[in-house]
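*Asks:* I would like the atomic coordinates for the input below:
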Amino acid sequence: MSPTRHLAATVSLVALLVLTACGGPPERTATAGGEITEKNCGLDVTVAAPPQRIYAAYQPAVEMAHALGVSDRLVGTAFLDAAVLPEYTGAQARAPYVPKIPSREALLATNPDFVLSGFNDVFADGSGESFGTRASLRELGVQTWIFSPLCPSGDGLSDEAIDPATVTMDSVYTDVHDLGRLFGVEERAAAVVAEMQARIDAVRERVAGAPRPRVAVVSPREDGTFRIAGGPDFVTRILDIAGADNAFADLTSKRNIMVGVEEIIARDPDVILTSTCCDASYTVADAEPDAERIRTNPALANVAAVKNGQVQPFLFADRAAGVRVPYAAEQVAALVHPDRA
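*Replies:* Numbering: from 1, shown residues only. Just a heads-up that it's a prediction; the model follows:
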């Protein structure tokens, strides 16, 4: 990622983030007065002292832990959708990792005092990969956190009723600040937010006034259907930052929606991004086969994105809420507004 894409004021902050993520001791904020409570998805999350045995499930949570400088407190990490950002490579190499979400029993065997999840399904009843509800873990002394743009309508549920009003960068910034307070690294969290804001502001400034292409984020499936990112998916916000619109933003029942080829044709997006997943080694180069499947699908030959050579490889990891958003927005802006790069 070119340094010219960042505001000069962020350079020292980036250096701070890399240093701490690579193993330096995290800053600890004294918790005078005892317990600290933050509210997350309607539930109180209370710690008597900064958690020391953190389990991070899914890419957004893993990268959040590294960004906040608490890599040394990770007792486990699970299910990376792609390679972590380069600044976290060393820290992640030292963290215990499993490629699949563990069972509740395997999770508890790591003796966590805090579970941070980048997606809400691990606390959903009947999801098949559930740690159990957040309430059931709290009864065992394990506090939990779901990234706020993915708050379900109640504990034990998943994507049934994500409130679109929470799918914002403000929710992400709030998560960083609140987790920083719970983890005792408030100054670190403030630096993370400042760096994110500066980079996002730089992207918005770069694409200001440019025509806004309609973008579809698409995963081709073996049965000929497609999984697309709907309005509640955080990629809608990332596209907006990058000066584009989600061609499927009006579909709001879930984050991921299955559609037939006819719906892709009817929407006629200007740009198609893939949503390639899930392996801890993946880079954007691994998304090229998905892009080629779309480019060579004869049913899509007359779609604007295909005709104009605007089917681009993209990773599912870059759709998520979390500290990766500035990086993702920079990548999308470069794809949909190459003249503004």
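*Asks:* measure stretch 310-325 end to end?
*Replies:* 22 Å (Cα to Cα, to the nearest Å).
*Asks:* Quick check: end-to-end length of stretch 291-300?
*Replies:* With Cα to Cα applied, stretch 291-300 spans 12 Å between its terminal residues.
*Asks:* quick one: average pLDDT of that stretch?
*Replies:* Here stretch 291-300 scores 97 as its mean pLDDT.
*Asks:* would you list every one of the helices in the stretch 201-341 of the chain?
*Replies:* 235-241, 261-267, 288-295, 304-307, 325-336 (DSSP state H, counting those that start in this stretch).
*Asks:* Averaged pLDDT, the second one. What do you get?
*Replies:* Okay, so that is helix 261-267. 97.
*Asks:* okay, and for the stretch 151-300 of the chain, where does confidence drop off?
*Replies:* Within the stretch 151-300 of the chain, the ranges that satisfy pLDDT under 70 run 161.
*Asks:* could you pull out the strands for it?
*Replies:* Along the stretch 151-300 of the chain, the stretches classed as strands by DSSP state E, counting those that start in this stretch are 214-220, 226-229, 245-246, 256-259, 271-274.
*Asks:* tell me the secondary structure for Leu116?
*Replies:* strand (DSSP: H, G, I helix; E, B strand; the rest coil).
*Asks:* Let me know how buried the closest residue to Val98 other than its chain neighbours is, in neighbour terms.
*Replies:* Among residues not flanking Val98 along the chain, Ala78 sits closest, at 5.0 Å (Cβ to Cβ, 6 or more residues apart in numbering). To be clear about C-beta, it is placed using only N, CA and C from the backbone, and glycine gets the same treatment. When neighbours are defined as other Cβ atoms under 10 Å, Ala78 has 23 of them.
*Asks:* how close does Ala78 sit to Glu288?
*Replies:* 27 Å (Cβ to Cβ, to the nearest Å).
*Asks:* Could you chop the chain up by domain?
*Replies:* 3-200, 208-340 (automatic domain parsing).
*Asks:* How far off centre is the shortest one?
*Replies:* Its chain's average C-alpha position is 15 Å from that of domain 208-340, according to Cα atoms, centre = their mean, to the nearest Å.
*Asks:* and that domain, how far apart are its ends?
*Replies:* End-to-end distance for domain 208-340, by Cα to Cα: 9 Å.
*Asks:* export the strands of the stretch 151-300 of the chain to a markdown table and tack on distance to Gly42 and mean neighbour count?
*Replies:* Converted to a markdown table, the strands of the stretch 151-300 of the chain look like this (distance: least, Cβ to Cβ, whole Å; neighbours: other Cβ atoms under 10 Å):
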| stretch | distance to Gly42 | mean neighbour count |
| --- | --- | --- |
| strand 214-220 | 29 | 24 |
| strand 226-229 | 25 | 23 |
| strand 245-246 | 27 | 19 |
| strand 256-259 | 23 | 16 |
| strand 271-274 | 32 | 26 |
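*Asks:* Save those as a markdown table, and put in distance to Leu335 too.
*Replies:* Output for those, formatted as a markdown table (distance: least, Cβ to Cβ, whole Å):
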| stretch | distance to Leu335 |
| --- | --- |
| strand 214-220 | 9 |
| strand 226-229 | 15 |
| strand 245-246 | 14 |
| strand 256-259 | 21 |
| strand 271-274 | 7 |
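*Asks:* Just give the nearest non-adjacent residue to Arg214, would you?
*Replies:* The shortest distance from Arg214 to any non-neighbouring residue, by Cβ to Cβ, 6+ apart, is to Ala247 (4.3 Å).
*Asks:* Test my guess that that neighbour contacts Pro269.
*Replies:* Yes - assessed by Cβ atoms under 8 Å, Ala247 is found in contact with Pro269 at 4.2 Å.
*Asks:* between the two, what contacts are shared?
*Replies:* Arg214, Val215, Ala216 (Cβ atoms under 8 Å, 6 or more residues apart in numbering).
*Asks:* of all these, which comes closest to Glu205?
*Replies:* Nearest to Glu205 among those is Val215, at 19.9 Å by Cβ to Cβ.
*Asks:* Which residue, neighbours along the chain excluded, lies closest to Arg138?
*Replies:* Leaving aside its chain neighbours, Arg138 sits nearest to Thr144 (7.1 Å; criterion: Cβ to Cβ, 6+ apart).
*Asks:* who touches the one you found in this structure?
*Replies:* Taking Cβ under 8 Å, 6+ apart, we find Thr144 in contact with Asn40, Val45, Phe114, Val115, Leu116, Ser117, Phe123, Arg134, Leu137, Arg138.
*Asks:* Next, find the distance separating the residue lying closest to Asp339 once chain neighbours are set aside from Ala229.
*Replies:* Closest residue in space to Asp339, ignoring its immediate chain neighbours: Ala210 at 7.9 Å, by Cβ to Cβ, 6+ apart. To Ala229, Ala210 is 22 Å away according to Cβ to Cβ.
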